[in-house]
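1. Pasted the sequence and its predicted model underneath.
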Protein chains: 2
Amino acid sequence: MTYNEFKKLVNLSKEEISGQILERNRDSIKVKKEKKVIDNLIRIIDATLAICSKKSFQAMSIRDLSAESGLSRGALYSYFTNKEELLILIQSQGREIAYRVLTEQIAKGNDPVEKLRLAIKSHIYLSEAMRTWFYFTYIEARNLPKDEQKRAIESELLTEKIFIDIINEGIKEEAFRDVNVALAAAVIKAMLQDWYLKRWKYRNRKVSVDNYADFVIYVAESTLLIK
Amino acid sequence: MTYNEFKKLVNLSKEEISGQILERNRDSIKVKKEKKVIDNLIRIIDATLAICSKKSFQAMSIRDLSAESGLSRGALYSYFTNKEELLILIQSQGREIAYRVLTEQIAKGNDPVEKLRLAIKSHIYLSEAMRTWFYFTYIEARNLPKDEQKRAIESELLTEKIFIDIINEGIKEEAFRDVNVALAAAVIKAMLQDWYLKRWKYRNRKVSVDNYADFVIYVAESTLLIK
DNA sequence: GTCTATACATAGATAGAC
DNA sequence: GTCTATCTATGTATAGAC
């Protein structure tokens, strides 16, 4: 699988994502016309992610968001009750999509070696397709209220659990060496996250997403596969 | 080398660091008595790092800092001209110490294999000894003004260059495989950074700093060493 | 549904007393 | 050198017109 194949496979239209957000937040969204809500949610989220790729969510004022999204300050408050809720809305939706797509993709693997490759590739490809979401989710997690922070941590551990399970399976089937499983999963995750945290670096060096994914697979297999 | 040996070897007293900051910022520090400055700088920086391990620098108000440090709001402004300058002061000093200690330690290695181990260990041990500094420097880098951001990026690339040089040397001496050097250095760096970015995770799992360093060395050597 | 105007809160920075 | 009091700017959120 290459990045281009992945993109065709996984349909991540903005309308669909926006529709899911509407489903989950009917209470706090005051506007009634579905078409309008979906349209404006897209504009609001796009604007937020664009601004927050340059400065922090805290530093983004409602005035900034109004200017970038084209909606007035007053109108914005028809789509969320306060600024913190907007943060939570984007974060929780991002986490949900990520987990769903990842598990769907990995289910296609037949053995641990294949599953490991699929897991690495899907994660990197997904973070490429939704790089502003991933960056935002990672970098702004600490500014969430306590209970939402808990959910973010659970989500991080859940993704890691996917790798832990694959590696355990590989050891059981004697395809992988008997390494410290939790540590192996943790450092693989660290390498995956670097792709969207340091995009500027890889872009400057002209490293493609396929290059990067292949290299992470090379490192993981060098560490895990029995020689 | 273990973490305990490293700590004895590298003396990182707060007074010394604070003294260096005074040297570099004589202009903006209005207080004249050296002893007072050094004492209060320590309190200010400790307070900042403590607050910013829980919330962002932006979210920390001067009032917060006043309460935590024990100095009044007015007094604080005798040690920096504005809030942004405080951010720059802490960041630049953190980067300087890190680079100095790292290069000093690595110079002790005699061959690429030994140097690679030394580089990995010193980096992880240093980030353990100064974990609040490292975390702060990483997480708040994006909130720096443009020109200071440039310096932060240069510093990141400089640390990575250390690894690139070691790996190149290893390949030349036919101790290492002929891998993509920049990518290898980048993913090693990613693993090193995970130690201070996800401390909560490793603490919960009771992974010691020595465990972690050994595992990263294991991954790096599995990827690089000729079998 | 969306806008403009505005109330209200909070934060950074300074002046002047001690 | 440090404090308290205060000025001013900026930002969130709402009310009421359109």
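-> Now that the structure is in, tell me what you want to look at.

2. Where do the helices of chain A begin and end?
-> Per DSSP state H, chain A has helices spanning A:3-9, A:14-24, A:34-51, A:62-69, A:73-76, A:83-106, A:112-129, A:131-139, A:146-172, A:181-197, A:199-204, A:209-224. These are given in chain order.

3. Could you measure from A:Leu71 over to DNA strand C?
-> Between A:Leu71 and DNA strand C the computed distance is 4 Å (CB to the nearest atom of the strand, to the nearest Å). Using the backbone N, CA and C atoms, a C-beta is placed for each residue, glycine as well.

4. what's the burial count for A:Thr81?
-> In terms of burial, A:Thr81 registers 14 neighbours under the definition other CB atoms under 10 Å in any protein chain shown.

5. To clarify, my last question referred to A:Asn143.
-> Other residues within reach of A:Asn143 by the criterion other CB under 10 Å amount to 18.

6. okay, the helices of chain A in JSON lines with mean pLDDT, mean neighbour count and distance to B:Ser155 next?
-> Below are the helices of chain A laid out as JSON lines (pLDDT from 0 to 100; neighbours: other CB atoms under 10 Å in any protein chain shown; distance: least, CB to CB, whole Å):
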{"stretch": "helix A:3-9", "mean pLDDT": "96", "mean neighbour count": "13", "distance to B:Ser155": "31"}
{"stretch": "helix A:14-24", "mean pLDDT": "95", "mean neighbour count": "15", "distance to B:Ser155": "37"}
{"stretch": "helix A:34-51", "mean pLDDT": "97", "mean neighbour count": "18", "distance to B:Ser155": "26"}
{"stretch": "helix A:62-69", "mean pLDDT": "98", "mean neighbour count": "16", "distance to B:Ser155": "29"}
{"stretch": "helix A:73-76", "mean pLDDT": "98", "mean neighbour count": "13", "distance to B:Ser155": "38"}
{"stretch": "helix A:83-106", "mean pLDDT": "96", "mean neighbour count": "18", "distance to B:Ser155": "30"}
{"stretch": "helix A:112-129", "mean pLDDT": "98", "mean neighbour count": "22", "distance to B:Ser155": "25"}
{"stretch": "helix A:131-139", "mean pLDDT": "97", "mean neighbour count": "20", "distance to B:Ser155": "19"}
{"stretch": "helix A:146-172", "mean pLDDT": "97", "mean neighbour count": "16", "distance to B:Ser155": "27"}
{"stretch": "helix A:181-197", "mean pLDDT": "98", "mean neighbour count": "22", "distance to B:Ser155": "16"}
{"stretch": "helix A:199-204", "mean pLDDT": "97", "mean neighbour count": "14", "distance to B:Ser155": "13"}
{"stretch": "helix A:209-224", "mean pLDDT": "98", "mean neighbour count": "20", "distance to B:Ser155": "23"}
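
7. CSV for those helices, including distance to B:Leu9?
-> Conversion of the helices of chain A to CSV gives the following (distance: least, CB to CB, whole Å):
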stretch, distance to B:Leu9
helix A:3-9, 46
helix A:14-24, 52
helix A:34-51, 45
helix A:62-69, 48
helix A:73-76, 55
helix A:83-106, 42
helix A:112-129, 38
helix A:131-139, 34
helix A:146-172, 34
helix A:181-197, 26
helix A:199-204, 31
helix A:209-224, 29
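
8. what would those helices look like in TSV with distance to DNA strand D?
-> Putting those into TSV (distance: least, CB to the nearest atom of the strand, whole Å) gives the following:
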stretch	distance to DNA strand D
helix A:3-9	34
helix A:14-24	18
helix A:34-51	11
helix A:62-69	3
helix A:73-76	3
helix A:83-106	4
helix A:112-129	27
helix A:131-139	16
helix A:146-172	15
helix A:181-197	25
helix A:199-204	25
helix A:209-224	34
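
9. Looking at these, which is nearest to B:Leu118?
-> For B:Leu118, the closest of these is helix A:181-197, at 19.3 Å, according to CB to CB.

10. packing partners for the closest one?
-> When contacts are defined as 3 or more CB pairs under 8 Å, 6 or more residues apart in numbering or on different chains; DSSP states H and E, helix A:181-197 sits against helix A:112-129, helix A:131-139, helix A:146-172, helix A:209-224, helix B:181-197, helix B:209-224.
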